[in-house]
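# sequence and predicted model, in that order:
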Amino acid sequence: MSVEFNHTVVLAHDREKSARFLAEILGLEVGEPAEPFLPVHTTNGVTLDFATVDIEIPVQHYAFLVSEEEFAPILARLVAARVPIQADPHARFPGRINRNDGGRGVYFKDPAGHGMEVLTRRYGSDPDSELNGVTEEVPGAVAAG
């Protein structure tokens, strides 16, 4: 039997707000509620089940691998929505994207404060890329930090 990741629960203060935010940014759809969850399905079959909770939410990290063609519209939606972005998880490069492994990557926060990442290449897929460590400014981007 092969093992596949199927779903995870994403805690939020407002499941509707968080699910719709992520779905809009990634160009996905929000599914029908399955109490107490509001699902967002990715194209590889993984479901993020958003749940509203009234507690302090520990920050989680969610990374999404997309094609080069999908990255540009996602980045454009982040810029248009004035969502602060950065090239790294530590906010050393606000308003920028990274070019690691010869691809592109960006970090941002969702409404619950979770760290979201969109990247076009798997980590370590091109360790010899001359673009490793390079960042690029994104015109019109709001800088996180």
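Ah, there it is.

# okay but His13 is in contact with Ala112, surely?
Yes. In this structure, His13 is within contact of Ala112 by C-beta atoms under 8 Å, at 5.8 Å. (Glycine included, C-beta is placed from N, CA and C.)

# find residues that contact each of those two.
Taking C-beta atoms under 8 Å, 6 or more residues apart in numbering as the contact rule, His13 and Ala112 both touch Ile57.

# tell me which of the two has more neighbours.
Between His13 and Ala112, Ala112 has the larger neighbour count (other C-beta atoms under 10 Å), namely 21 against 15.

# in a strand, the more buried one, correct?
No. In this structure, Ala112 is coil, not part of a strand, as judged by DSSP: H, G, I helix; E, B strand; the rest coil.

# Ala23 looks like it's in a helix, true?
Yes. Membership of Ala23 in a helix is supported by three-state DSSP.

# residues contacting it?
29-30, 40.

# could those go into CSV alongside pLDDT and neighbour count?
Output for the contacts of Ala23, formatted as CSV (pLDDT from 0 to 100; neighbours: other C-beta atoms under 10 Å):
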residue, pLDDT, neighbour count
Glu29, 96, 12
Val30, 97, 18
Val40, 98, 22
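
# make TSV out of the residues you listed and add distance to Glu117 and secondary structure.
Output for those, formatted as TSV (distance: C-beta to C-beta, whole Å; DSSP: H, G, I helix; E, B strand; the rest coil):
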residue	distance to Glu117	secondary structure
Glu29	21	coil
Val30	20	strand
Val40	16	strand
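
# between these, which sits nearest Gly124?
Nearest to Gly124 among the contacts of Ala23, counting by C-beta to C-beta, is Val40 at 27.2 Å.

# beta partners for the closest one?
Going by DSSP bridges, Val40 is paired in beta bridges with Val30, Leu48.

# measure it to Val3 for me?
Counting by C-beta to C-beta, to the nearest Å, the separation of Val40 from Val3 is 22 Å.

# ok, now Gly133?
33 Å.

# again, but for Arg99
Taken as C-beta to C-beta, the span from Arg99 to Val3 is 32 Å.
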